[in-house]
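# Give the three-dimensional model of this entry:
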Amino acid sequence: MGLFDKLTGTQHPPAGVPPVPGEELRAALLGLNQPDVPYVIRYGGGEGCDLLAEWRLTEPAWQHVFVQSQISHAVRIRMRLDRKEHEVRALEEQWEVKRVGHPTRLEVTSAYTRGPSRTVSRSGTIRRGENGRLEVTETFRFDSAQLREPLRATVLKSGWTWRGVVFGKL
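Down below sits the predicted model:
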């Protein structure tokens, strides 16, 4: 792996893993959708990509989780499947979010970045344990890797390359 691959987050499948057909990979990526995960993967036709993965910020069942967390960035990953090269070109985008209104909701600001990055927000409580020492119990954790890692692992396991895009077109 070269320096540019490291900067873009590009990873290649393990040697000897044959690439699956594009439709099988698409189905595997869409199969990551579960009601108990904080993200959704959908067709991205209107977004200029084949698939789009993003946090469920506006879904009523998940909105309270994101509002009460200390999340400061909305993340989405646009993916284009290059069937000829057996690679998924992935553009990771982030926007800052702020809490507004009553009841509180998240609103996207104009601050925008693109390329792989990692945002981690944690929330917890501090109390004295049985031994008298202070203990921290994590009550919420937001990590942008929770969105990227299942996608990338599925792509690599399918024998395709995960190509991070920072500059140029998807």
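# Residue 152 in helix, strand or coil?
helix (DSSP: H, G, I helix; E, B strand; the rest coil).
# typo on my end, residue 169
coil.
# Distance check, it against residue 20.
25 Å (Cβ to Cβ, to the nearest Å). Backbone N, C-alpha and C define where each C-beta goes, glycine included.
# Residue 163 looks like it's in a strand, true?
Yes - assessed with three-state DSSP, residue 163 lies in a strand.
# Residue 169 and residue 20 - which one has more neighbours?
A side-by-side neighbour count of residue 169 and residue 20, using other Cβ atoms under 10 Å, places residue 20 first with 16 against 8.
# how much space between the more buried one and residue 158?
5 Å.
# what is in contact with the two at once?
Listed as contacting both residue 20 and residue 158 by Cβ atoms under 8 Å, 6 or more residues apart in numbering are residue 28.
# Setting aside sequence-adjacent positions, which residue approaches residue 135 most closely?
residue 129 (4.2 Å; Cβ to Cβ, 6 or more residues apart in numbering).
# should've said residue 138
Closest to residue 138 by Cβ to Cβ, 6+ apart is residue 124, at 4.5 Å.
# these two touch, right, that neighbour and residue 134?
No - Residue 124 is not in contact with residue 134 according to Cβ atoms under 8 Å; the separation is 11.4 Å.
# The residue most central in space within the chain: what secondary structure?
Nearest to the geometric centre of the chain sits residue 147, at 2.6 Å (Cα atoms, centre = their mean). Under three-state DSSP, the three-state class of residue 147 is helix.
# wait, what's in contact with it?
Contacts of residue 147 (Cβ under 8 Å, 6+ apart): 39, 53, 54, 55, 75, 77.
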